[in-house]
Structure formats: structure tokens, C-alpha cells
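> Mind folding the following:
(one chain, ligands or ions: 2)
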Amino acid sequence: MEEKRNGLRVILFPLPLQGCINPMLQLANILHVRGFSITVIHTRFNAPKASSHPLFTFLQIPDGLSETEIQDGVMSLLAQINLNAESPFRDCLRKVLLESKESERVTCLIDDCGWLFTQSVSESLKLPRLVLCTFKATFFNAYPSLPLIRTKGYLPVSDSEAEDSVPEFPPLQKRDLSKVFGEFGEKLDPFLHAVVETTIRSSGLIYMSCEELEKDSLTLSNEIFKVPVFAIGPFHSYFSASSSSLFTQDETCIPWLDDQEDKSVIYVSLGSVVNITETEFLEIACGLSNSKQPFLWVVRPGSVLGAKWIEPLSEGLVSSLEEKGKIVKWAPQQEVLAHRATGGFLTHNGWNSTLESICEGVPMICLPGGWDQMLNSRFVSDIWKIGIHLEGRIEKKEIEKAVRVLMEESEGNKIRERMKVLKDEVEKSVKQGGSSFQSIETLANHILLL
Ligand SMILES: Cc1cn([C@H]2C[C@H](O)[C@@H](COP(=O)(O)OP(=O)(O)O[C@H]3O[C@H](CO)[C@@H](O)[C@H](O)[C@H]3O)O2)c(=O)[nH]c1=O
Ligand SMILES: C[C@@H](CO)CCNc1ncnc2nc[nH]c12
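Numbering: from 1, shown residues only. Ligands and ions are numbered 1, 2, ... in the order given. Take a look at the predicted model:
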């Protein structure tokens, strides 16, 4: 693509999670194509690979995280890194501003909604800040009311009420709530409050989403946070997420898929943070094996609690799994979903995976692990009706049944048809004249005028 520089530099600061780094670097590409120069400030932990992005400047800051803190789960990690990274970030940003050239003004900071200190830092340096939210807008909109929802006493949920929708938070069901909040409870409140308050003080809110998926939520977002909202996604329609992969992708996936029939393979992946127990792991293994359907399964090392990788599988099970399936440590996910042989996606419904699946028109089986995944999976199964919800039943019979229904039965065909319709709508959004395409234009102009 022809690239003309516009004399402006944007500073990006992703949250160090795979699901947040991918959209941030995709945003970097979008802005770079529009003439902005890019500096990415990042923590040492989960540092993106600078060599995969030769057009950007990368600056690493220390984060003081210990190995045990890294293994403590996403929420504690985010709390700790928010404490540790503030002063190195301030020093780094101040230095960038001091050293910036006359010919290239630093115009703004764009960072993840999960950073709590960046608004104050950028205000003190008189640099406008934009927020990138990597959740569905419907989920982010609920941040101000989550503390109230938690104290309303929907928990614990009785069987008769389990499937009721949460009045303040449809289409979430009451039975989803315990996994939205996890074990954090009221400890979440100050975090949520800080995120909301700093977003309101920002100069704008960017979503990797589009009107075709959530027009009303986007309008509501603008009312709640009182800042301009830009829905410019799904980003990977412009730039694949694979260049920002933190792990080495197993490239044998594609030749393996080449040998499979059209739409026959179920791709299984629970993203970069969800962990499962050994029992759940074995249930999934048996369910897949019994379904007799070919499968490609990402088992991230360390994601089965207490195991290094797939040692809990007996030799017998491994050989029966190998008849039909392939297990890898990390896949080139977008290529896998785009492959003609892939017919279904057993997913945890992280927002990136959900969008990638929609863009490639692959229907889903939903196995959300927590947080925003609970909401994304409700949209997939109950609103868009492009997937089957496992309702948390990680049992071999349930998994076998869901795979069969999705891949072989008439209900699966209906789901596939609806998926195709939604895929086409979302595709239009990112093309010239589409809503996301226009939002990118508006965002670029907004940044020019900051
Ligand atoms: C397991 C695996 C993942 N990937 C890519 C696909 C996606 O772009 C990305 C994973 O992002 P997500 O699908 O959003 O999932 P995850 O890593 O859990 O993301 C976190 O961040 C997301 C965005 O904030 C949240 O929606 C999730 O709840 C949160 O857990 O990594 C691969 O390319 N290959 C793989 O093998
Ligand atoms: C409940 C766990 C999975 O077991 C995902 C939480 N994921 C997340 N939690 C909080 N902030 C996040 N920003 C990106 N992802 C995030």
C-alpha cells in the first residue's frame, strides 16, 4: 500500500495479554496506513515481537512481575502490573515527548481500557488519551452497573431462576453471573470504578466491533461514557492477528487441514488464558474422539491444571485421538478458521475468537470460561443463533452431541445459514462505504484535530 506520512505520531500501550495485543497491533496497522507513525510502549512480560512489525518503534518498560504473580490468574496479574508499571510508563512517555522532533508531533496516547493510571499520566503530560476496549460494547457498558448487579442478590441462583435473563444485563442469564464475577466479588469494584472514571475523562473510545453486531450498545456507550465512540472492527479483516502471536504457531496445521474434507473439521481452542482441570480435559478428549468427527485441538502448555501439556491422556486414548484428530500447542487460528476444511469452532468465546469465527463464517460451540466470555456466548447462541451453548457441561456425552448436531444434523445447517448471513453483513461493514470503514475515517480525522 502507498504510504504517505502525515507528520504525526501515535503512542500505543497494549495490556500484555494476547487478546489485547492483537487488536492493539491491528489498530497500529490501520493508523500507519493512514499516515501516522507508531510507537508501541510495552511491558517486559508478554512483550510483542518487534521483528514482526518493522514499521513501528517498540519501547520496553520493566513491570516487576514475578513468576508466581504471572501464574496467579488474569485479574491478579492486571492488579499487580497496574501497580508496577505506572512509574516506568510515566518516565518512558515523558522521554518520548521530550525527544520528539519538531517535524513529527506526538498527537495522542491510545491504550487499553484495563490500564488504570494512563489517563492521569497523559493528563499530567498534556497528551490526549484514547481508550481501546477489546470487549464487546455491551459488556463494557455494564461496567458502571456490575457492582450493583453483584449486590442485588441474584447469587446464588436457584434452579428455577437459572435461565432468567438478568434484567440490568440482557441477554446474560442469572446462571452466568457467578462466572462473570469469579472469586473476586467486591474486590472488583474499585477496579471497575477506576476504569469507568478514566474512560469518561478520555478523548474517545475505540471498539473492535461494528454497528452490524451491536448498534444499540454502541449508541448507549456514547451516552454512558460521554465521549466519541468509534467502532472500527473487526480489525483482522484488515490485518491478520497472526503477526502479533506471542507463541510459535504450529505450521503443520494447514497441510493437515488440506487433507481433510470440506467443512468436516471441528477446531477446538480455549484462547490464551482459560485453564481447565484434568477431568474436564479428559471429558473433552473422549467427547471429541467419540464424535468420530476430525478435529484440530489447541492445548496450550500449562492450560490443563497440574499438567505440563497432554500427559494426562493415556497411550490408548492418544492413539484413538490420532486416528481422527491433531493436537497442537498453538495454531495459526485465523488461517485455520479460514480454511475450507474447518466446519465448526469449539471456543471459549473470547471476543477476538468470536469475531474471527464470524468473519470466517464458522459456527460455534460455546464453552465460555468467565468474564466477558459469558456474554459473548449468549449473543452467539441466544441472539444471533450461530452456535450451540454447552451451558458449562464439560461432559463427553454433551460434547459428542454438540459436535454431531453442529456438523451433521439439520439444526447445524440452520445455524450455518444464519452464520453466513451475519458474516456477509459484517463483511460489508469493513468495506468502502460500510459503517466500520467510515468510523476509521472519522477516527483518523478526530486524531488529526486533537
Ligand atoms: C489459542 C490460540 C489463540 N490465537 C489467537 C486468536 C485470538 O486472536 C487470540 C485470543 O484472543 P481471544 O479469543 O479474545 O481470547 P483470550 O486470549 O482469552 O482473550 C482475553 O482478551 C479478550 C479481549 O479482551 C477477552 O474477550 C477474553 O475474555 C480474554 O480472556 O489469540 C491464535 O492465533 N492461536 C491459538 O492457538
Ligand atoms: C475469566 C478469565 C478466563 O478464565 C478471563 C478474564 N479476562 C479478562 N479479565 C479482565 N480484564 C481483561 N482484559 C482482557 N481480558 C480480561
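
> who are the neighbours in contact with the residue in the stretch 301-450 of the chain that ligand 2 sits nearest to?
Residue nearest to ligand 2 within the stretch 301-450 of the chain (Cβ to the nearest ligand atom): residue 370, separated by 2.8 Å. C-betas here are computed from N, CA, C, even on glycine. Contact analysis of residue 370 by Cβ atoms under 8 Å, 6 or more residues apart in numbering lists 179-180, 182, 274.

> now residue 386
Residue 386 neighbours (Cβ under 8 Å, 6+ apart): 358, 363-364, 380, 415, 418-419, 422.

> And for residue 349?
With Cβ under 8 Å, 6+ apart, residue 349 has these contacts: 364, 366-368, 373, 376-377, 380.

> What does the pLDDT read for it?
Residue 349 is assigned 98 on the pLDDT scale.

> Which other helices and strands does the helix or strand hosting residue 188 contact?
According to DSSP states H and E, residue 188 maps onto helix 188-200. Helices and strands in packing contact with helix 188-200 are listed as helix 74-84, helix 118-124, helix 146-151, helix 211-225; criterion 3 or more Cβ pairs under 8 Å, 6 or more residues apart in numbering; DSSP states H and E.

> For residue 323, which of those is the nearest?
helix 74-84 (35.7 Å; Cβ to Cβ).

> Which positions in this structure make contact with ligand 1?
17-20, 22, 134-135, 241-242, 245, 269, 271-274, 298, 300, 330-331, 333, 350-353, 371-373 (Cβ under 6 Å from any ligand atom).

> Not counting its neighbours along the chain, what's nearest residue 124?
residue 90 (7.8 Å; Cβ to Cβ, 6 or more residues apart in numbering).

> Same check on residue 256?
Leaving aside its chain neighbours, residue 256 sits nearest to residue 326 (5.2 Å; criterion: Cβ to Cβ, 6+ apart).

> helix/strand/coil for that neighbour?
strand (DSSP: H, G, I helix; E, B strand; the rest coil).

> follow-up on the earlier one: quick one: buried ones out of the contacts of residue 386?
Among the contacts of residue 386, those classed as buried by neighbour count (16 or more other Cβ atoms under 10 Å) are 358, 363-364, 380, 415, 419, 422.

> Out of the helices and strands in this protein, which is least certain?
helix 67-71 (a mean of 85; mean pLDDT, DSSP states H and E).

> Can you give the distance of that one from its chain's centre?
Helix 67-71 sits 21 Å away from the centroid of its parent chain (Cα atoms, centre = their mean, to the nearest Å).

> likewise stretch 422-434?
For stretch 422-434, the distance to the chain centre is 20 Å (Cα atoms, centre = their mean).

> show me where pLDDT drops low in the chain?
Residues of the chain meeting the criterion pLDDT under 70: 1-3, 153.

> Spell out which residues of it are next to ligand 2.
Residues of the chain lying near ligand 2 by Cβ under 6 Å from any ligand atom: 17, 19-20, 74-75, 78, 114, 182, 273-274, 369-371.

> Neighbour-wise, give me the winner out of those residues.
Neighbour counts for the residues of the chain next to ligand 2 were taken using other Cβ atoms under 10 Å; the highest belongs to residue 20, which has 24 neighbours.

> Which strand or helix spans it?
Per DSSP H and E: residue 20 is located in helix 18-33.

> helices or strands next to the next helix or strand after that helix in the packing?
Moving toward the C-terminus from helix 18-33, the next helix or strand (DSSP H and E) is strand 37-43. Contacts defined by 3+ Cβ pairs under 8 Å, 6+ apart place strand 37-43 against strand 8-13, helix 18-33, strand 57-61, helix 86-99.

> residue contacts, residue 21?
Counting by Cβ under 8 Å, 6+ apart, residue 21 has contacts 14-15, 46, 48, 244, 246.

> again, only using 10 Å
With contact taken as Cβ atoms under 10 Å, 6 or more residues apart in numbering, residue 21 is in contact with 14-15, 40, 42, 46-49, 112, 134, 241, 244-246, 272.

> Whichever of those residues end up buried, select them in ChimeraX.
In ChimeraX syntax, the buried subset of those is picked out as below (16+ other Cβ under 10 Å):
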select :14,15,40,42,46,47,48,112,134,241,244,245,272
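
> Keep only those of the contacts of residue 21 that are in strands.
Among these, the members falling in strands (DSSP state E) are 40, 42, 112.

> ok so, going back, with the contacts of residue 386 in mind, which one is nearest to residue 318?
The closest of the contacts of residue 386, once distances to residue 318 are taken by Cβ to Cβ, is residue 364, at 26.5 Å.

> my guess is the closest one contacts residue 380, does it?
Yes. Counting by Cβ atoms under 10 Å, residue 364 does reach residue 380; the two are 5.4 Å apart.

> Tell me which stretches of the stretch 151-300 of the chain form helices.
Secondary structure of the stretch 151-300 of the chain (DSSP state H, counting those that start in this stretch): helices at 177-181, 188-200, 211-225, 253-258, 278-291.

> ok so, going back, what would the helix holding residue 188 look like as CSV? C-alpha coordinates only.
Extracted in CSV, the C-alpha atoms of helix 188-200 (Å, rounded to 0.1, in the frame of the first residue of the first chain):
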residue,chain,number,x,y,z
LEU,A,188,-13.6,-5.9,41.5
ASP,A,189,-15.5,-2.7,42.5
PRO,A,190,-12.6,-0.2,42.7
PHE,A,191,-11.1,-1.6,39.5
LEU,A,192,-14.4,-1.1,37.6
HIS,A,193,-14.9,2.3,39.1
ALA,A,194,-11.4,3.4,38.0
VAL,A,195,-11.9,2.1,34.5
VAL,A,196,-15.2,3.9,34.1
GLU,A,197,-14.0,7.2,35.6
THR,A,198,-10.8,7.3,33.5
THR,A,199,-12.7,6.4,30.3
ILE,A,200,-15.1,9.3,30.9
